[in-house]
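Novice: quick check, what structure comes out for this input:
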Amino acid sequence: MSTLKPFSGDLDEPTSPATSSGLQPFTRTLDGEKPKRSLIDAIKPVDKAIAFGAGALQGVKMISDAFGAGSDVSQKLGAGVQALQDRVSDERKAEQQQRAQIIKAAEDSGSTWEEVKAYAGGFAEAPVESTLNAAGTILPTAAAAFLTRGNSLVAQLGAHAPKVLGALQGAGAVKGGIYDAVEQQHKEAGLTPEEAAARAEQAQAYSGANAGHIALGAGLGLLASSTGVEGAVGRMAGKAAAAGAAKNGLLKQAGLGVVKETPMEMAQGGQERLASNVALQREDFDVPTWQGVAGQAVQEGLASAPLGGGFGVAEGLKARREAARKPSEDLGLNPDSGPISKVAAAAVDEGRAAAPMQPEQAAQTEDGLSLAPEEQAQPQGPTMEERLAVLPE
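Specialist: Predicted coordinates for the structure are as follows:
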């Protein structure tokens, strides 16, 4: 039998990593050992899927915020965005937390250049996730542009839906930014959650002091919905690619796509931050007017540039296919179906009329003579009088 006895002594106190011992929590990797990462770990598909999903949900929330950033719907959508973001990998969470500290330090420094570097660094850390998040954000307006470019009556009536949604998103983004900033600052200042929410609700109201910034956000959203990615999606869905897209090289199309998309996204991102800063000033908080404006504008521009370039190339490729498409294909003529179809397809593609030429449409030679065959005089029989004259009396 075992002679072991129960331990009745006291364990040593656990050593904190912060003590002089220098001990650190074990992270499944020995000191000096490079962590082994699989292909899945390197690509992090879950993080990328979450970035797109959170962006799409945020895009819907922007529209909801236009009808009240403090509404139950907006609050639930915001909770959904946060729930998705909480599911990213621990590595990505650490990156985000560290980047937030870098951005805060840059904003507190008062240097615009430091802000720009800090925000641009956030994009450099996760360029794919940042781009996918931006793609998700514009999904509602892009989907509206795609679905309302057909020939049906519903599509014709809904032709302005992308612009309406774009304006609502623009206004909602500003209202939501104002609401979140004002609520957070008041909570940190010591107000109860209910009091902070009430102040934030008043700050984001259309009838409040920040109505001008909200209107400007709606205007920028309206413009953005008809240019850049949304405009390209609408044109491709409606078979009306931009003029010259078929003749441009793909690099030129990519450059044009970036130029059409990026400036508006930068303007929107910067204006949203500016509106939040001004709203905080009106709540008697000491916030510099231009704090974070340039940085957020650069961040939005970097995230949207790949989208603009990609859709520019896609529009160019589609325009080339449409330019190479034969007229007979639009009429459903297949030259392989038989000799008659082959002749008809050739006639349509060469611009010849399928119907026989009418006499009044006969071609004329250069000297004005008609190429139509001359009508031959037909022999006529005896008249009635001539027939009566030969009858016997």
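
Novice: which residues in the stretch 101-250 of the chain form strands?
Specialist: Using DSSP state E, counting those that start in this stretch, no strands are found in the stretch 101-250 of the chain.

Novice: pLDDT below threshold where in the protein?
Specialist: The model of the chain has pLDDT under 70 over residues 1-43, 149-159, 238-243, 329-332, 345, 348-349, 351-393.

Novice: I'd like to know how far the residue nearest to Leu223 when sequence neighbours are not counted sits from Ser341.
Specialist: With CB to CB, 6 or more residues apart in numbering as the criterion, Leu223 has its nearest non-adjacent residue at 6.1 Å, and that residue is Met264. Using the backbone N, CA and C atoms, a C-beta is placed for each residue, glycine as well. Look at Met264 and Ser341: by CB to CB, to the nearest Å, they are 48 Å apart.

Novice: and if you look at Ser328?
Specialist: In terms of CB to CB, Ser328 sits 9 Å off from Ser341.

Novice: looking at these two, which has the bigger crowd around it?
Specialist: Using other CB atoms under 10 Å, the more surrounded residue of Ser328 and Ser341 is Ser328, with 19 against 15.

Novice: am I right that the more buried one is in contact with Lys342?
Specialist: No: if you go by CB atoms under 8 Å, Ser328 and Lys342 don't touch, sitting 9.8 Å apart.

Novice: which neighbours do the two share?
Specialist: Taking CB atoms under 8 Å, 6 or more residues apart in numbering as the contact rule, Ser328 and Lys342 both touch Pro335.

Novice: which ones are touching Glu91?
Specialist: Lys44.

Novice: quick revisit: list residues touching both of Ser328 and Ser341?
Specialist: By CB under 8 Å, 6+ apart, the residues touching both Ser328 and Ser341 are Pro335.

Novice: can you report how many residues lie near the closest residue to Gly228 other than its chain neighbours?
Specialist: Residue nearest to Gly228 in three dimensions, not counting chain neighbours: Glu261, with 3.4 Å by CB to CB, 6+ apart. Glu261 sits with 29 neighbouring residues when counted by other CB under 10 Å.

Novice: in contact with Glu261, which residues?
Specialist: By CB under 8 Å, 6+ apart, the contact list for Glu261 reads 227-229, 304-305, 307-308, 311.

Novice: and if you look at Ala134?
Specialist: Listed by CB under 8 Å, 6+ apart, the contact partners of Ala134 are 55, 265, 300, 303-304, 307.

Novice: quick revisit: using neighbour counts, pick out the buried residues of the helix or strand containing the residue nearest to Gly228.
Specialist: In this structure, Glu261 sits in helix 250-282 according to DSSP states H and E. Neighbour counts over helix 250-282 (16 or more other CB atoms under 10 Å) mark 253-258, 260-280 as buried.

Novice: how much space between the residue lying closest to Ala279 once chain neighbours are set aside and Arg199?
Specialist: Counting by CB to CB, 6+ apart, Ala279 lies nearest to Ile178, which is 4.4 Å off, once chain neighbours are set aside. As judged by CB to CB, Ile178 and Arg199 stand 11 Å apart.

Novice: that's a strand at Trp290, yeah?
Specialist: No: under DSSP: H, G, I helix; E, B strand; the rest coil, Trp290 sits outside any strand and is assigned coil.

Novice: and it, how many neighbours?
Specialist: Number of residues near Trp290 (other CB under 10 Å) recorded here: 14.

Novice: phi, psi for it please.
Specialist: Trp290 adopts backbone torsions of phi -100, psi 20, taken as degrees, to the nearest 10.

Novice: that one against Leu274, yeah?
Specialist: Yes: using CB under 8 Å, Trp290 makes contact with Leu274 at a distance of 7.2 Å.

Novice: can you pull out the helices in the stretch 101-250 of the chain?
Specialist: Secondary structure of the stretch 101-250 of the chain (DSSP state H, counting those that start in this stretch): helices at 112-125, 127-137, 139-147, 153-157, 161-188, 193-203, 211-224, 228-237, 250-282.

Novice: Leu333 is nearest to which of those helices?
Specialist: For the helices of the stretch 101-250 of the chain, distance to Leu333 was read as CB to CB. The smallest value, 24.9 Å, belongs to helix 228-237.

Novice: give me the contacts around the closest one.
Specialist: In contact with helix 228-237 (CB under 8 Å, 6+ apart) are residues 138, 141-142, 145-150, 162, 166, 224-225, 241-242, 257, 260-262, 264-265, 304, 307-308, 311-312, 314-315, 318.
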